[in-house]
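Student: Predicted structure and sequence below. I'll ask about it afterward.
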Amino acid sequence: MINEYKTGLLMVGIRYGAVSITGNFRENNEDNYYIDSLSKYFLVADGMGGQSAGEKASQLAIELIPQKLNQLIDFENHETNQVIPSIDEAVSHANMEIMAFGELDPNCRSMGTTIVFAVHVRDKFFIGGVGDSRVYLLRNSSLHQLTTDHSLTQALVDAGTITPEEAETHRYKNVLYRYLGTKDGGSGTQARQLDPVVQDRILLCSDGVTDGIPDEKLQDLLGQFDDPVTTAEKIVEAAQEGGSKDNITCIVLFME
């Protein structure tokens, strides 16, 4: 699908595709994603918890965050310096509701979810998240990770205790210290502003993608195809074939 917006004097189109699968190792899909029909925002959430709790947590995130974004942001006229505080408020609201729901339902106790987003306001994107789902940018054939994992291994890398290569197989690789459903989950999304240009490609994904595909392969796949739906399908297929042991979800955006 394509939606258009203006950046400067240049008309840019957004085409997008999305795929989400259960994968080979899970009984149910705890991932969820949301694409606004007018391309105002794109969300990916990866739930965690026993039974169907993770699925419920990610579903709450992709229901509650859009509601708040629509209340708080004028997508055509909002001052850009107020966008990130509004996004953080929307995510904090979802975090509190997920925590409250977990307290009410014993089957959902300790449930949680990651969230990543690309929010489009005026001629800019705002990128961020909580947890270890990721957003990438492919620009001029070079791949850039735009979000930071809130995982113990990333904290160890940041502290210089282990190398990025060691983090890939570390025993704490999938242990998160921040996600929605915890007290710290609503303490900010580390969002950043992105000025999109023609031929940019943006990927939002759960860790089911990155568990099965190294960045080099991801870079190749993002740049290889002319259709975002095909690109999303090929990324998910490669992650599954690459041994991902989780649900696998991605949204691909093409700027044209």
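Tutor: Perfect, I can see it now. Fair warning: this is a prediction, and the values are worked out from it, not measured in the lab.
Student: For the stretch 151-256 of the chain, just list every one of the strands.
Tutor: 192-194, 201-205, 248-255 (DSSP state E, counting those that start in this stretch).
Student: Of all these, which one is nearest residue 101?
Tutor: Closest to residue 101 of the strands of the stretch 151-256 of the chain, according to Cβ to Cβ: strand 248-255, at 21.7 Å. (Glycine included, C-beta is placed from N, CA and C.)
Student: Strand partners (parallel or antiparallel) of that closest one?
Tutor: strand 10-21 (antiparallel), strand 201-205 (antiparallel) (DSSP bridges).
Student: Let's verify residue 85: helix, strand, or coil?
Tutor: Recorded secondary structure, residue 85: helix (DSSP: H, G, I helix; E, B strand; the rest coil).
Student: quick one: it from residue 79, how far?
Tutor: Using Cβ to Cβ, to the nearest Å, we find residue 85 at a distance of 10 Å from residue 79.
Student: Distance to residue 226, mean neighbour count and mean pLDDT added to the strands paired with strand 248-255, as JSON lines?
Tutor: Listed next are the strands paired with strand 248-255 as JSON lines, based on distance: least, Cβ to Cβ, whole Å; neighbours: other Cβ atoms under 10 Å; pLDDT from 0 to 100:
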{"stretch": "strand 10-21", "distance to residue 226": "10", "mean neighbour count": "18", "mean pLDDT": "84"}
{"stretch": "strand 201-205", "distance to residue 226": "11", "mean neighbour count": "26", "mean pLDDT": "98"}
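Student: So for residue 232, which of these sits nearest?
Tutor: With Cβ to Cβ as the criterion, residue 232 lies closest to strand 10-21 of those, at 4.1 Å.
Student: Check which element follows the closest one along the chain.
Tutor: strand 31-35 (DSSP states H and E).
Student: about what we covered before: format the strands paired with strand 248-255 as JSON lines; extra columns: distance to residue 49.
Tutor: Putting these into JSON lines (distance: least, Cβ to Cβ, whole Å) gives the following:
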{"stretch": "strand 10-21", "distance to residue 49": "18"}
{"stretch": "strand 201-205", "distance to residue 49": "20"}
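Student: The ones you listed: which one's closest to residue 234?
Tutor: Closest of the strands paired with strand 248-255 to residue 234 is strand 10-21, at 9.3 Å (criterion: Cβ to Cβ).
Student: which outside residues touch that closest one?
Tutor: 1-6, 29, 31-33, 35, 39, 42, 120, 196-198, 227-233, 235-236, 240, 247-256 (Cβ atoms under 8 Å, 6 or more residues apart in numbering).
Student: And the buried ones among those residues, selectable in ChimeraX?
Tutor: Burial among the contacts of strand 10-21 is assessed by 16 or more other Cβ atoms under 10 Å; the matching ChimeraX selection reads:
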select :5,29,31,32,33,35,39,42,120,196,228,231,232,233,235,236,240,247,248,249,250,251,252,253,254,255
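Student: Would you map the helices across the stretch 151-256 of the chain?
Tutor: Using DSSP state H, counting those that start in this stretch, the helices found in the stretch 151-256 of the chain span residues 152-158, 164-167, 207-210, 215-224, 228-241.
Student: what bits of the stretch 1-150 of the chain have low per-residue confidence?
Tutor: For the stretch 1-150 of the chain, residues meeting the criterion pLDDT under 70 lie at 1-12, 50-51.
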